[in-house]
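Undergrad: sharing a model that was predicted from the sequence below.
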Amino acid sequence: MHRSYVHEARKRVGPKRERIRPVIERLAAAHPDAVIALRFRNDVELLISVLLSAQTTDVTVNRVTEQLFRKYERPEDYLAVPPEELEADLRPTGTFRQKARNLRGAMKVLIEEYDGEVPTRIEELVRLPGVGRKTANVVAAERGATQGIVVDTHVRRLSQRLGFSRQDDPVKIERDLMRLVPREDWARLPHLLIWHGRRVCIARAPRCEQCVVNALCPSSRV
Ligand code: SF4
(Lines give C-alpha, C1' and ligand atoms only; values in the text may rest on other atoms or scores of the structure.)
Protein backbone atom coordinates (compact mmCIF):
# COMPACT_ATOMS: atom_id res chain seq x y z
CA MET A 1 0.00 0.00 0.00
CA HIS A 2 1.26 3.50 -0.86
CA ARG A 3 2.60 5.49 2.11
CA SER A 4 0.46 8.57 1.51
CA TYR A 5 -2.61 6.36 1.23
CA VAL A 6 -1.79 4.77 4.60
CA HIS A 7 -1.29 8.23 6.09
CA GLU A 8 -4.66 9.39 4.72
CA ALA A 9 -6.37 6.27 6.03
CA ARG A 10 -4.90 6.83 9.51
CA LYS A 11 -6.07 10.43 9.45
CA ARG A 12 -9.55 9.37 8.35
CA VAL A 13 -10.11 6.99 11.27
CA GLY A 14 -8.44 9.12 13.95
CA PRO A 15 -5.93 8.33 16.68
CA LYS A 16 -5.80 4.79 18.05
CA ARG A 17 -6.34 6.00 21.65
CA GLU A 18 -9.78 7.25 20.62
CA ARG A 19 -10.62 4.16 18.58
CA ILE A 20 -9.65 1.40 20.98
CA ARG A 21 -12.77 1.51 23.20
CA PRO A 22 -15.34 1.69 20.38
CA VAL A 23 -13.48 -1.09 18.56
CA ILE A 24 -13.65 -3.33 21.65
CA GLU A 25 -17.32 -2.50 22.23
CA ARG A 26 -18.34 -3.19 18.65
CA LEU A 27 -16.39 -6.45 18.52
CA ALA A 28 -17.89 -7.53 21.85
CA ALA A 29 -21.40 -6.89 20.50
CA ALA A 30 -20.62 -8.76 17.27
CA HIS A 31 -18.99 -11.76 18.99
CA PRO A 32 -20.78 -12.32 22.32
CA ASP A 33 -19.60 -15.95 22.23
CA ALA A 34 -15.89 -15.04 21.99
CA VAL A 35 -14.43 -17.17 24.76
CA ILE A 36 -11.72 -19.81 24.85
CA ALA A 37 -12.77 -22.80 22.74
CA LEU A 38 -10.67 -25.35 24.66
CA ARG A 39 -12.47 -27.62 27.13
CA PHE A 40 -10.99 -28.25 30.59
CA ARG A 41 -12.18 -28.77 34.17
CA ASN A 42 -9.29 -27.44 36.22
CA ASP A 43 -6.00 -25.52 36.00
CA VAL A 44 -3.85 -28.54 35.15
CA GLU A 45 -6.20 -29.50 32.31
CA LEU A 46 -6.18 -25.87 31.12
CA LEU A 47 -2.36 -25.85 31.01
CA ILE A 48 -2.26 -29.18 29.15
CA SER A 49 -4.91 -28.10 26.62
CA VAL A 50 -3.03 -24.91 25.80
CA LEU A 51 0.26 -26.83 25.50
CA LEU A 52 -1.35 -29.25 23.05
CA SER A 53 -3.00 -26.50 20.98
CA ALA A 54 0.23 -25.42 19.27
CA GLN A 55 0.11 -26.04 15.50
CA THR A 56 -3.33 -27.64 15.58
CA THR A 57 -6.99 -26.72 15.97
CA ASP A 58 -8.95 -26.39 19.21
CA VAL A 59 -11.41 -28.97 17.85
CA THR A 60 -8.62 -31.55 17.55
CA VAL A 61 -7.32 -30.73 21.03
CA ASN A 62 -10.81 -31.12 22.54
CA ARG A 63 -11.25 -34.46 20.79
CA VAL A 64 -7.92 -35.72 22.16
CA THR A 65 -8.33 -34.34 25.68
CA GLU A 66 -11.79 -35.84 26.08
CA GLN A 67 -10.11 -39.26 26.26
CA LEU A 68 -6.87 -38.00 27.76
CA PHE A 69 -8.39 -36.37 30.83
CA ARG A 70 -10.39 -39.52 31.54
CA LYS A 71 -7.24 -41.62 31.47
CA TYR A 72 -4.85 -39.22 33.28
CA GLU A 73 -6.44 -37.46 36.24
CA ARG A 74 -3.43 -36.15 38.19
CA PRO A 75 0.00 -34.79 37.12
CA GLU A 76 1.58 -38.03 38.46
CA ASP A 77 -0.45 -40.13 36.04
CA TYR A 78 1.39 -38.65 33.03
CA LEU A 79 4.71 -39.83 34.50
CA ALA A 80 3.44 -43.27 35.45
CA VAL A 81 3.13 -44.55 31.86
CA PRO A 82 5.98 -45.25 29.38
CA PRO A 83 6.73 -42.12 27.25
CA GLU A 84 5.64 -44.01 24.10
CA GLU A 85 2.17 -44.57 25.53
CA LEU A 86 1.63 -40.86 26.16
CA GLU A 87 3.04 -40.08 22.69
CA ALA A 88 0.46 -42.41 21.14
CA ASP A 89 -2.32 -40.69 23.12
CA LEU A 90 -1.22 -37.27 21.82
CA ARG A 91 -0.50 -38.32 18.22
CA PRO A 92 -3.52 -36.60 16.54
CA THR A 93 -2.36 -33.18 17.83
CA GLY A 94 0.86 -33.31 15.73
CA THR A 95 4.49 -32.90 16.93
CA PHE A 96 3.38 -35.42 19.53
CA ARG A 97 6.84 -36.55 20.67
CA GLN A 98 7.83 -33.03 21.59
CA LYS A 99 4.45 -32.35 23.15
CA ALA A 100 4.67 -35.53 25.22
CA ARG A 101 8.18 -34.59 26.36
CA ASN A 102 7.09 -31.06 27.33
CA LEU A 103 3.94 -32.27 29.02
CA ARG A 104 5.86 -34.79 31.16
CA GLY A 105 8.50 -32.15 31.94
CA ALA A 106 5.84 -29.64 32.97
CA MET A 107 4.03 -32.18 35.17
CA LYS A 108 7.35 -33.07 36.84
CA VAL A 109 7.99 -29.42 37.73
CA LEU A 110 4.43 -28.99 39.02
CA ILE A 111 4.85 -32.01 41.30
CA GLU A 112 8.36 -31.17 42.50
CA GLU A 113 8.03 -27.40 42.93
CA TYR A 114 4.35 -26.52 43.20
CA ASP A 115 2.66 -29.40 45.02
CA GLY A 116 0.94 -30.43 41.80
CA GLU A 117 -0.67 -26.99 41.35
CA VAL A 118 -0.22 -24.61 38.38
CA PRO A 119 1.62 -21.41 39.37
CA THR A 120 -0.04 -18.07 38.72
CA ARG A 121 2.80 -15.72 37.84
CA ILE A 122 3.94 -15.42 34.20
CA GLU A 123 7.61 -15.60 35.31
CA GLU A 124 6.94 -18.99 36.92
CA LEU A 125 4.75 -20.31 34.12
CA VAL A 126 7.36 -19.65 31.42
CA ARG A 127 9.84 -21.81 33.34
CA LEU A 128 7.70 -24.88 32.63
CA PRO A 129 8.91 -26.93 29.63
CA GLY A 130 7.08 -25.96 26.43
CA VAL A 131 5.44 -22.88 27.97
CA GLY A 132 6.22 -19.62 26.16
CA ARG A 133 4.84 -16.19 26.91
CA LYS A 134 1.72 -16.73 24.80
CA THR A 135 0.78 -19.97 26.58
CA ALA A 136 1.55 -18.38 29.96
CA ASN A 137 -0.68 -15.41 29.13
CA VAL A 138 -3.56 -17.66 28.05
CA VAL A 139 -3.33 -19.73 31.23
CA ALA A 140 -3.04 -16.68 33.51
CA ALA A 141 -5.94 -14.87 31.80
CA GLU A 142 -8.28 -17.87 32.01
CA ARG A 143 -7.59 -18.09 35.74
CA GLY A 144 -8.43 -14.44 36.29
CA ALA A 145 -4.77 -13.52 36.88
CA THR A 146 -4.18 -11.55 33.67
CA GLN A 147 -0.69 -10.04 33.50
CA GLY A 148 -0.29 -9.46 29.77
CA ILE A 149 -2.11 -9.74 26.45
CA VAL A 150 -2.14 -12.93 24.39
CA VAL A 151 -0.67 -12.33 20.93
CA ASP A 152 -1.28 -15.19 18.49
CA THR A 153 -1.37 -15.03 14.70
CA HIS A 154 -4.87 -13.44 14.62
CA VAL A 155 -4.11 -10.86 17.32
CA ARG A 156 -0.91 -9.97 15.49
CA ARG A 157 -2.61 -9.52 12.10
CA LEU A 158 -5.61 -7.58 13.42
CA SER A 159 -3.49 -5.31 15.64
CA GLN A 160 -1.52 -4.37 12.55
CA ARG A 161 -4.55 -3.91 10.29
CA LEU A 162 -6.40 -1.87 12.90
CA GLY A 163 -3.32 0.33 13.27
CA PHE A 164 -2.79 -0.57 16.94
CA SER A 165 0.81 -1.66 16.34
CA ARG A 166 3.35 -1.29 13.56
CA GLN A 167 5.52 -4.05 15.02
CA ASP A 168 5.95 -7.56 13.72
CA ASP A 169 7.40 -9.23 16.78
CA PRO A 170 4.65 -10.58 19.13
CA VAL A 171 6.49 -9.34 22.24
CA LYS A 172 6.62 -5.77 20.86
CA ILE A 173 2.98 -5.98 19.72
CA GLU A 174 2.01 -7.09 23.22
CA ARG A 175 3.90 -4.12 24.67
CA ASP A 176 2.06 -1.72 22.31
CA LEU A 177 -1.31 -3.24 23.21
CA MET A 178 -0.60 -3.10 26.94
CA ARG A 179 0.03 0.62 26.62
CA LEU A 180 -3.12 1.16 24.57
CA VAL A 181 -5.79 -1.20 25.92
CA PRO A 182 -7.52 -0.52 29.26
CA ARG A 183 -6.37 -3.12 31.75
CA GLU A 184 -9.85 -4.50 32.34
CA ASP A 185 -9.94 -5.51 28.67
CA TRP A 186 -6.58 -7.33 28.53
CA ALA A 187 -8.21 -10.75 28.95
CA ARG A 188 -11.14 -10.36 26.54
CA LEU A 189 -9.46 -8.41 23.71
CA PRO A 190 -7.50 -11.41 22.36
CA HIS A 191 -10.67 -13.54 22.25
CA LEU A 192 -12.48 -10.80 20.34
CA LEU A 193 -9.64 -10.39 17.85
CA ILE A 194 -9.23 -14.16 17.43
CA TRP A 195 -12.95 -14.69 16.67
CA HIS A 196 -13.11 -11.62 14.44
CA GLY A 197 -9.98 -12.86 12.66
CA ARG A 198 -11.53 -16.28 12.06
CA ARG A 199 -14.93 -15.04 10.95
CA VAL A 200 -14.45 -11.65 9.28
CA CYS A 201 -10.91 -10.26 9.13
CA ILE A 202 -9.58 -13.40 7.48
CA ALA A 203 -5.86 -13.45 6.63
CA ARG A 204 -6.11 -13.73 2.84
CA ALA A 205 -9.43 -12.05 2.16
CA PRO A 206 -10.78 -9.75 4.88
CA ARG A 207 -14.55 -9.21 4.59
CA CYS A 208 -14.42 -5.47 5.15
CA GLU A 209 -17.99 -4.88 3.86
CA GLN A 210 -19.35 -7.08 6.68
CA CYS A 211 -16.99 -5.76 9.35
CA VAL A 212 -18.50 -3.88 12.31
CA VAL A 213 -15.32 -1.84 12.79
CA ASN A 214 -14.71 -0.87 9.15
CA ALA A 215 -15.35 2.83 9.92
CA LEU A 216 -12.62 2.66 12.58
CA CYS A 217 -10.07 0.64 10.60
CA PRO A 218 -7.28 2.28 8.55
CA SER A 219 -7.00 -0.91 6.44
CA SER A 220 -10.69 -1.04 5.49
CA ARG A 221 -11.29 -1.65 1.80
CA VAL A 222 -14.81 -0.22 2.01
S1 SF4 B 1 -12.22 -3.30 8.07
FE2 SF4 B 1 -11.32 -5.02 6.98
S3 SF4 B 1 -9.13 -4.98 7.50
FE4 SF4 B 1 -10.22 -3.69 9.02
S5 SF4 B 1 -10.67 -5.07 10.74
FE6 SF4 B 1 -12.45 -5.09 9.39
S7 SF4 B 1 -12.13 -6.82 8.01
FE8 SF4 B 1 -10.16 -6.34 8.97
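TA: It's in.
Undergrad: kindly report the residues of the chain close to the ligand.
TA: Residues of the chain found near the ligand (Cβ under 6 Å from any ligand atom) are 161-162, 200-201, 206-208, 211, 213-214, 217, 219-220. C-beta: built from backbone N, CA, C; applies to glycine.
Undergrad: looking at those residues, point me to the pair that's furthest apart.
TA: Maximum pairwise distance among the residues of the chain next to the ligand (Cβ to Cβ): 14.7 Å, between 162 and 207.
Undergrad: tell me which of those two has more neighbours.
TA: Shown here are residue 162 and residue 207; by other Cβ atoms under 10 Å, residue 162 has more neighbours (23 against 12).
Undergrad: pLDDT score for the more buried one?
TA: pLDDT, residue 162: 98.
Undergrad: that one touches residue 214, doesn't it?
TA: No. Taking contacts as Cβ atoms under 8 Å, residue 162 lies outside contact range of residue 214: 10.6 Å.
Undergrad: just checking, residue 140 touches residue 146?
TA: Yes. Counting by Cβ under 8 Å, residue 140 does reach residue 146; the two are 5.9 Å apart.
Undergrad: compare the two (neighbour count), which wins?
TA: More crowded of residue 140 and residue 146, by other Cβ under 10 Å: residue 140, with 23 against 18.
Undergrad: for the more buried one, give me its contacts.
TA: Residues in contact with residue 140 (Cβ atoms under 8 Å, 6 or more residues apart in numbering) are 120-122, 125, 146-148.
Undergrad: mind doing that once more with 7 Å?
TA: Counting by Cβ atoms under 7 Å, 6 or more residues apart in numbering, residue 140 touches 120, 122, 125, 146-147.
Undergrad: element containing it?
TA: Following DSSP states H and E, one finds residue 140 within helix 133-142.
Undergrad: output the contacting helices and strands for the helix or strand just after that helix.
TA: Downstream of helix 133-142, the next assigned helix or strand under DSSP H and E is helix 153-161. The contact analysis (3 or more Cβ pairs under 7 Å, 6 or more residues apart in numbering; DSSP states H and E) places helix 153-161 against helix 170-180, helix 188-199.
Undergrad: the nearest residue to residue 127 once chain neighbours are set aside: which element?
TA: In this structure, residue 127 finds its nearest non-sequential neighbour in residue 109, 7.2 Å apart by Cβ to Cβ, 6 or more residues apart in numbering. Using DSSP H and E, residue 109 maps to helix 96-114.
Undergrad: now do the buried residues in that helix.
TA: Neighbour counts over helix 96-114 (16 or more other Cβ atoms under 10 Å) mark 96, 99-111 as buried.
Undergrad: pipe the residues you listed into a markdown table and attach pLDDT per row.
TA: Shown next, in a markdown table, are these (pLDDT from 0 to 100):
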| residue | pLDDT |
| --- | --- |
| 96 | 98 |
| 99 | 98 |
| 100 | 98 |
| 101 | 98 |
| 102 | 98 |
| 103 | 98 |
| 104 | 98 |
| 105 | 98 |
| 106 | 98 |
| 107 | 98 |
| 108 | 98 |
| 109 | 98 |
| 110 | 98 |
| 111 | 98 |
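Undergrad: having no further points to raise, I will conclude here.
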